[in-house]
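> Build me a structure from this.
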Amino acid sequence: MTQAIFQFLATRPGRLTLVLCGFNKRYLCRPKAARECLQFMRTSLYSDIAERGCGNLTIWKTTTEPRDMNTFGVTDRYLEFNYRGPDWDQNNILV
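Below you'll find the model as predicted:
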């Protein structure tokens, strides 16, 4: 599934961008809206999901460099983390 989405995006450069993936779902948006979507994910996504009774998850940031991938991922809960950055800098979540 992931390879297919990257192939799809590669054939449409600049038209769509991946901003969130998890539980076999991928969320795309127009590049103009990506910053706003990513900011929402960083500041509000976890609390919005938890308010709906689904807080047993962790939201991951792919890298510390916004220009590299700049995507969030969602998985089952990992330790005490609501949000987690990359292994080498787990508290640094940039968008």
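
> show me the contacts for the residue nearest in space to the middle of the chain.
The chain has F72 as the residue nearest its centroid, 1.2 Å off, counting by CA atoms, centre = their mean. Neighbour list for F72: 19-21, 38, 41-42, 45, 59-62 [criterion: CB atoms under 8 Å, 6 or more residues apart in numbering]. In short, each C-beta sits where N, CA and C put it, glycine included.

> Could you report the neighbour count for T17?
Counted with other CB atoms under 10 Å, residues neighbouring T17 total 19.

> close enough to count as contact, it and C29?
Yes: with contacts counted by CB atoms under 8 Å, T17 reaches C29, the gap being 6.3 Å.

> can you map out the strands along this protein?
Secondary structure of the chain (DSSP state E): strands at 17-22, 25-29, 57-61, 72-76, 83-84.

> Which among these is found nearest to A10?
strand 17-22 (11.3 Å; CB to CB).

> That closest one to strand 72-76, inter-axis angle?
Taking axes from the mean of the first three to the mean of the last three CA atoms, to 10 degrees, one finds strand 17-22 and strand 72-76 inclined to each other by 10 degrees.

> In terms of secondary structure, what does strand 17-22 contact?
helix 2-10, strand 25-29, helix 31-40, strand 72-76 (3 or more CB pairs under 8 Å, 6 or more residues apart in numbering; DSSP states H and E).

> Any chance of a markdown table for those, columns distance to G53 and mean pLDDT?
What follows is the helices and strands packed on strand 17-22, written out as a markdown table (distance: least, CB to CB, whole Å; pLDDT from 0 to 100):
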| stretch | distance to G53 | mean pLDDT |
| --- | --- | --- |
| helix 2-10 | 28 | 87 |
| strand 25-29 | 19 | 93 |
| helix 31-40 | 20 | 95 |
| strand 72-76 | 15 | 94 |
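
> can you tell which of those is closest to A50?
Among these, strand 72-76 sits nearest to A50 (CB to CB), with 12.3 Å.

> Quickly run through the sheet partners of that closest one, with directions.
strand 17-22 (parallel), strand 57-61 (antiparallel) (DSSP bridges).
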